[in-house]
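In: pasting a predicted model and its sequence here:
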Amino acid sequence: MFSFYLLTVILIISLLFFLLGYNRAKNLINSNKKNLHSLTHYYGIFCSLSALLPTLGVFFIFTICDDFIFAELIKEYIPDEVINSKDYNFTIVLAQINNSVEGLVFGTPPQWVTNAAEIWKSWVIKSNILTVIVCAITILTSGFLSYKKINSEFRSRNAVEKIVMTILAVSSVIAILTTIAIIFSVVFESIRFFALIPYDEFLFGTVWNPQFEGAERAGSGQEGLSQYGAIPLFAGTFLISIIALCVSVPIGLFSAIYLSEYASSKERAFFKPLLEVLAGIPTVVYGFFAALTVAPFLRSSGSMLGLDIASESALAAGLVMGIMIIPFISSLSDDVINAVPQSLRDAGYGLGSTKNETVMKIVLPAALPGVVASIILAVSRAVGETMIVVMAAGLAANLTANPLEAVTTVTSQIVTILVGDQEFESAKTLSAFALALTLIIITLGMNFYALHVVKKYREQYE
Amino acid sequence: MNSKKNDLKSLELTVGDVFSKNARLKARNVNVFYGENKAIDNVTIDIGSREVISFIGPSGCGKSTFLRCFNRMNDTIDSCVIQGEITIDEENIYDKKIDVVPLRARIGMVFQKPNPFPKSIYDNVAYGPRIHGLSENKEHLDNIVEESLKRAGLWQEVSDRLSSPGTGLSGGQQQRLCIARAIAVSPEVILMDEPCSALDPIATAKIEELIHELGNEYSIVIVTHSMQQAARVSKRTAYFHLGKLIEVGKTKEIFTRPKHNQTEAYISGKIG
């Protein structure tokens, strides 16, 4: 609540600085009888932003840092016997103190916890006062300095341009940093996993069997029981992805060709949004569809033909996943086919090509790199898809190329490993991060390649 | 009988000699509508064999639209309706029996902007012969490609890189490649829609020279914005204004002694 009030006050004060700057510019015009370099409101915006932004920076640094500083300082107040006890864990102790600060008390906490919480509370008050003082100093000095800067020579429009550019640049840096942070969080856990399991065993092992944690800990000593060979998972992932592509590439591509080349504009306006609705259906709904409709249908029609199809099969998951990624392929391909210049079609017709010849021999080859890029994007989507597989393909890590059997994929294993209470030190839990890292590397590689292909395509008509 | 009466009607509008002794293409009382809009109004004209004729006129006068009637390129526009009669060697091209595919092979077209396919130079030229099955074997196809490139005056520049992409050539070379592509299917007529408007003066000079040479073998209809170009390349000139054919005549006469006052106004730069 404190932060909210403080932020409101900061915003109001910076609005006041807008008025101050604006009025000063107005007065300058009136007294000098001469126009300033920039329009008057730029002077207001300049004043307001140069008061607001540094203050916000200071505010966030204070609010983020104080918890860390308190956590370091509070260590002084934890009794030695607690620190020296066998199952001492600072994170848990800190959580206890924090709960006590928040007023969440379970049972009677030890006296030292209550004391530490009291001390913590007093620090919070002090830090809040400090924050207010520092923010006030910052906003007033920076606002006043910028106000002083305004004279008939000052070019506020250029200054505002610079500030806006900085804000935009910072936003894009945040987006990039987040991606990097995600990758690093996975990398560090993976390093812990690879300290337990050698990476060649993980990458090239053909048996995935992480279920024997209990047996290991019970001292049976048979470490070999728990096996982390990721090949069956990646094989399952690619089997399902290939089935999905066999469904989605022809249907998606042909519907894109129909929409962009054959359909009248009315049909196009009707069908294209309908196809794109497919992309808006949550994947968990596709999962129901796969598990409750497609899989039983496949099983019963398979038994009529004398085929033994598992009720959870790669085929069912792959088919439904294929339907899910149709809009990715059709929509992107439709765009690239439309981007082929009309002049090329005219050239084709002018030489006496039929419609089909024009599409197949001129338009599609010209659009091919873009179409390939759309397929690669669809593949990375299929590889990362989780819900459909969890619900329809099963969890058995079979190493098989038979689409009628149950397989499992990387993503569904990650889900099953991390669902529920897990011990974080065990190889089983950590293996999820190693799987995720490998998957990220594969999909990132695919996306890079797709972007590269698209770039190459763009150069072609320029 | 009926057509003679109509001819007279259009003569009232058009000044000069619309008829040609050895006409290859004949347009009679052609009207073109885009939806409600009348783009071409009752145009009658003959295009002789081995004749270069240029269509001139201010922007939006319908000269390009009329040009595209000759190979039925307007068919690709849904709202476009064409009335009247256009014949090639006495055969009505808008007859229901006519198939546009061989028709367009007989009447080639070169467009305003060079539009080579994003394929190799060889494949660009070989495209037409391939889809129409004009070559018996690889050797024959090679000959057609070489012959077409030679006629388009491009062979010397590209003979050593036939497999490199056609889009990598310069603008003028691309346009000559498009001409080579058009003549590879041995058409009888070549329609050119402002073929030099995207080119620099040197490339333009080369294309004009080429048109001059090709005029000995083909009927060429060229739409142009440049009156100098019309004067340089064509023997006959037709002046269009607001969808009407105002005047047709020998190029020299049109530019020196225009009979219609609108033609004179355009030539002297008062409209356009």
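Out: Structure's in. What do you need? Numbering: from 1, shown residues only, chains lettered A, B, ... in the order given.

In: what's the neighbour count on the residue in the stretch 151-300 of chain A that chain B sits nearest to?
Out: Closest residue of the stretch 151-300 of chain A to chain B, Cβ to the nearest Cβ: residue A:264 (7.5 Å). For glycine as for every other residue, the C-beta is placed from the backbone atoms N, C-alpha and C. Neighbourhood size, residue A:264 [other Cβ atoms under 10 Å in any protein chain shown]: 9.

In: what sits against it?
Out: residue B:78 (Cβ atoms under 8 Å, 6 or more residues apart in numbering or on different chains).

In: phi and psi next, for it.
Out: phi -70, psi 170 (degrees, to the nearest 10).

In: ok, it to residue A:203 distance?
Out: If you measure residue A:264 against residue A:203 using Cβ to Cβ, to the nearest Å, the figure is 53 Å.

In: what's the answer for residue B:214, then?
Out: 66 Å.

In: check residue B:69 too.
Out: 67 Å.

In: okay, the two: which has more neighbours?
Out: residue B:69 (24 against 14).

In: nearest residue to residue A:48 in space, please, no chain neighbours.
Out: residue A:18 (3.8 Å; Cβ to Cβ, 6 or more residues apart in numbering or on different chains).

In: just checking, what packs against the helix or strand encompassing the one you found?
Out: Using DSSP states H and E, residue A:18 sits in helix A:2-32. With contacts taken as 3 or more Cβ pairs under 8 Å, 6 or more residues apart in numbering or on different chains; DSSP states H and E, helix A:2-32 sits against helix A:40-74, helix A:111-149.

In: out of the ones you listed, deepest packed?
Out: helix A:40-74 (a mean of 18; mean count of other Cβ atoms under 10 Å in any protein chain shown).

In: what angle sits between that one and helix A:2-32?
Out: 150 degrees (axes from the mean of the first three to the mean of the last three Cα atoms, to 10 degrees).

In: got any ranges where the stretch 151-272 of chain B has weak pLDDT?
Out: Counting by pLDDT under 70, the stretch 151-272 of chain B shows low-confidence ranges at B:271-272.

In: pull out the buried residues from stretch B:256-267.
Out: Neighbour counts over stretch B:256-267 (16 or more other Cβ atoms under 10 Å in any protein chain shown) mark B:258, B:260, B:262, B:263, B:266, B:267 as buried.

In: start and end of stretch B:248-263, how far apart?
Out: End-to-end distance of stretch B:248-263 (Cα to Cα, to the nearest Å): 10 Å.

In: list phi and psi for residue B:43.
Out: Torsion angles, degrees, to the nearest 10, at residue B:43: phi -100, psi 130.

In: wait, it touches residue B:244, no?
Out: Yes: with contacts counted by Cβ atoms under 8 Å, residue B:43 reaches residue B:244, the gap being 7.2 Å.

In: identify the contacts common to the two.
Out: residue B:14.

In: out of the buried residues of stretch B:256-267, flag the one nearest to chain A.
Out: Distance to chain A across the buried residues of stretch B:256-267 (Cβ to the nearest Cβ) is lowest for residue B:266, with 28.0 Å.

In: which regions of chain A sit below the pLDDT cut-off?
Out: Ranges of chain A meeting pLDDT under 70: A:211-225, A:421-422, A:457-462.

In: cutoff 50 now
Out: A:212, A:215-216, A:219-224, A:462 (pLDDT under 50).

In: break it into its domains for me.
Out: A:2-154, A:225-458 (automatic domain parsing).

In: most neighbours per residue, which of the ones you listed?
Out: domain A:225-458 (a mean of 19).

In: which of the three states applies to the most centrally placed residue in chain B?
Out: By Cα atoms, centre = their mean, the mean C-alpha position of chain B lies nearest to residue B:191, the distance being 1.7 Å. At residue B:191 the chain is in strand, as set by DSSP: H, G, I helix; E, B strand; the rest coil.

In: contacting residues for it?
Out: B:67, B:68, B:70, B:71, B:107, B:108, B:109, B:110, B:220, B:221.

In: show the pLDDT at the third one.
Out: In other words, residue B:70. Listed pLDDT for residue B:70 reads 93.

In: which ones are touching it?
Out: Counting by Cβ under 8 Å, 6+ apart, residue B:70 has contacts B:25, B:27, B:86, B:88, B:93, B:107, B:189, B:191, B:221.

In: among these, which two are most distant?
Out: Distances among the contacts of residue B:70 were taken as Cβ to Cβ; the most separated pair is B:93 and B:221, at 14.0 Å.

In: looking at the two now, which is surrounded by more residues?
Out: residue B:221 (27 against 20).

In: still on that earlier bit, tell me which of the contacts of residue B:191 is nearest to chain A?
Out: Closest to chain A, out of all of the contacts of residue B:191 and judged by Cβ to the nearest Cβ, is residue B:109, at 3.8 Å.

In: would you agree the closest one is in contact with residue B:74?
Out: No: when contacts are counted by Cβ under 8 Å, residue B:109 is not listed as touching residue B:74 (12.0 Å).

In: which of these two has more residues huddled nearby?
Out: residue B:109 (26 against 20).

In: the residue lying closest to that one once chain neighbours are set aside: what's it in contact with?
Out: Among residues not flanking residue B:109 along the chain, residue A:350 sits closest, at 3.8 Å (Cβ to Cβ, 6+ apart). Shown in contact with residue A:350 (Cβ under 8 Å, 6+ apart): B:71, B:73, B:104, B:108, B:109, B:111, B:182.

In: that's a helix at the fifth one, yeah?
Out: No: assigned with three-state DSSP, residue B:109 falls outside any helix and is strand.

In: quickly list what it is bridged to.
Out: residue B:191 (DSSP bridges).

In: residues contacting it?
Out: With contact set as Cβ under 8 Å, 6+ apart, residue B:109 has these partners: A:346, A:350, B:71, B:73, B:182, B:190, B:191, B:192, B:193.

In: and of those, the nearest to residue B:51?
Out: Out of these, the member with the shortest distance to residue B:51 (by Cβ to Cβ) is residue B:190, at 11.5 Å.

In: that closest one reaches residue B:182, doesn't it?
Out: Yes: taking Cβ under 8 Å as the definition, residue B:190 is a contact partner of residue B:182 at 5.9 Å.

In: one step back: in terms of neighbours, single out the busier of residue B:43 and residue B:244.
Out: For residue B:43 versus residue B:244, neighbours defined as other Cβ under 10 Å are more numerous around residue B:43 (26 against 19).

In: what pLDDT is listed against that one?
Out: So residue B:43 comes in at 91 (pLDDT).

In: tell me the first helix or strand C-terminal of the helix or strand encompassing residue A:334.
Out: In this assignment (DSSP H and E), residue A:334 forms part of helix A:314-339. Toward the C-terminus, helix A:314-339 is succeeded by helix A:342-350 as the next helix or strand (DSSP H and E).
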